[in-house]
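S.K.: A predicted structure for the sequence below; I have some questions about it.
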Amino acid sequence: MPPFDHDLLVSLTEARGVPGYEDRVRELVREELEPHVDRVRSDAMGNLVGTIEGSETPDFEVAVPAHMDEIGFMVRNVTDEGFLELDALGGWDPRILRAQRVTVHTDDGDVPGLIGSVPPHTLSEEEREKQQQVEDVHVDLGLDGEDAAERVAVGDLVTMDQTTERVGEFVTGKSLDNRVSVFAMLEAARRLEDPAATVHLAATTQEEVGLRGAEALGVDLDPDLVLALDTTVANDVPGFDAGERVTELGEGAGIKLKDSSVITNHKVHRRLRSLAEDREIAHQLEVLPAGGTDTGGLQRTSGATPAGAISVPTRYLHTPTESVHEADVAAVIDLLVGFLETEDGEHDYTL
């Protein structure tokens, strides 16, 4: 058994919350966070912040963002035949969308649906070779046009159906990006005892569509230090050379050096490395060539802010079978707690 609350991780990942509509996830996070912080607040972007007041240097404030939105879709049209046309919320690879079950979230409740796949027997060679586009995907509700139009409206939301399961030493399911980091943040809230600096644990919104929640939050909080949490690529599967893997499952927490949105403050990531070595926490360095995170959203929103990030290595990102290693999740939690409980505002992060 992992040294953390597996049932909570399942609840977080199986909850539904696309960008801008994270309500179900936010209420779950609020319920889990409130007993362990001094106060909780939310804002007009939907960000949820739990604050633990510092006992020694309360004026030094650390923000720990972890985004709670998942990639999904919004209905843009209901055809006369009863099929739903979709607009993507976040980055989808259209190749993985065929033959998936989905849920349509309407004002009157959830409606099951599926994304079908035409049998290959009936496809021409040209159709087989055609590059897939998200716009080509249709949701089949099993209803005729009139009934579909009564049940579903333009603007309704669509998420993938997937349970979260253990597979060997892995946990696999949908939206581990980034609910596994929200989970790590909640576990840290449980374990943190009397930190010297003030800590803002922030479940942020709309990361998958451009780091929007974090950018707004950075203005409101104006922290002195940022330590973000997110997943990262683990291409440690057949077909990738060592330099293309980014991280490997089972090798520990990822300490971010860069992604498309940020080059982390090297004094921050060196402190993370030193701490991991001193406490014998398994870790690896992350150089992510593509993809941005809330780290960048908070690094420069209110002026120059020292920023670092801890990442959870994840296979099969942005699919319904995202997979993380239980030992890596435990390492991320240990490193996060260690960093926060040793931050007193006296470390010099200026360059």
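M.R.: Thanks, I have the structure now. Numbering: from 1, shown residues only.
S.K.: what is the burial count for S42?
M.R.: 14 (other Cβ atoms under 10 Å). Where C-beta positions appear, they are placed from N, C-alpha and C, glycine not excepted.
S.K.: hang on, it packs against V29?
M.R.: No: counting by Cβ atoms under 8 Å, S42 does not reach V29; the two are 10.0 Å apart.
S.K.: now E343. Nearest residue, chain neighbours left out?
M.R.: Excluding the flanking residues, the one nearest E343 by Cβ to Cβ, 6 or more residues apart in numbering is A197, at 5.0 Å.
S.K.: gap between that neighbour and E346?
M.R.: Distance of A197 to E346, given as Cβ to Cβ, to the nearest Å: 9 Å.
S.K.: more neighbours, those two?
M.R.: A197 (26 against 10).
S.K.: so what's that one up against?
M.R.: G54, E56, T57, P58, F60, E61, V62, L225, L340, E343, D344, G345 (Cβ atoms under 8 Å, 6 or more residues apart in numbering).
S.K.: tell me which of these is nearest to L12?
M.R.: L340 (20.3 Å; Cβ to Cβ).
S.K.: quick one: mean pLDDT for the helix or strand harbouring that closest one?
M.R.: For L340, the host element (DSSP states H and E) is helix 326-341. The predicted model gives helix 326-341 an average pLDDT of 97.
S.K.: using CSV, write down the CA coordinates of it.
M.R.: Provided in CSV are the C-alpha atoms of helix 326-341 (Å, rounded to 0.1, in the frame of the first residue of the first chain):
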residue,chain,number,x,y,z
GLU,A,326,3.1,5.3,-6.6
ALA,A,327,6.7,5.7,-5.4
ASP,A,328,7.1,8.9,-7.4
VAL,A,329,3.9,10.4,-6.0
ALA,A,330,5.2,9.6,-2.5
ALA,A,331,8.5,11.3,-3.4
VAL,A,332,6.8,14.4,-4.7
ILE,A,333,4.8,14.7,-1.4
ASP,A,334,8.0,14.3,0.7
LEU,A,335,9.9,16.8,-1.3
LEU,A,336,7.1,19.4,-1.2
VAL,A,337,6.7,19.0,2.6
GLY,A,338,10.4,19.2,3.2
PHE,A,339,10.8,22.4,1.1
LEU,A,340,7.9,24.2,2.8
GLU,A,341,8.8,23.2,6.3
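S.K.: which SSE is immediately downstream of the helix or strand bottoming out on mean pLDDT in the chain?
M.R.: Across the helices and strands of the chain, mean pLDDT, DSSP states H and E gives its lowest value to helix 125-129, namely a mean of 66. Remark: after helix 125-129, the chain's next helix or strand is strand 138-140, criterion DSSP H and E.
S.K.: strands paired with that following strand, and their directions?
M.R.: Sheet pairing of strand 138-140 (DSSP bridges) gives strand 83-89 (antiparallel), strand 109-115 (antiparallel).
S.K.: before we move on, the earlier item: what touches both of A197 and E346?
M.R.: T57.
S.K.: any chance you could map the helices in the protein?
M.R.: 6-14, 23-33, 125-129, 145-151, 176-191, 212-221, 266-278, 294-299, 326-341 (DSSP state H).
S.K.: how many residues are close by the closest residue to F4 other than its chain neighbours?
M.R.: Using Cβ to Cβ, 6+ apart and skipping residues adjacent in sequence, the residue nearest F4 is E187, 5.5 Å away. Neighbour count for E187, taken as other Cβ under 10 Å: 24.
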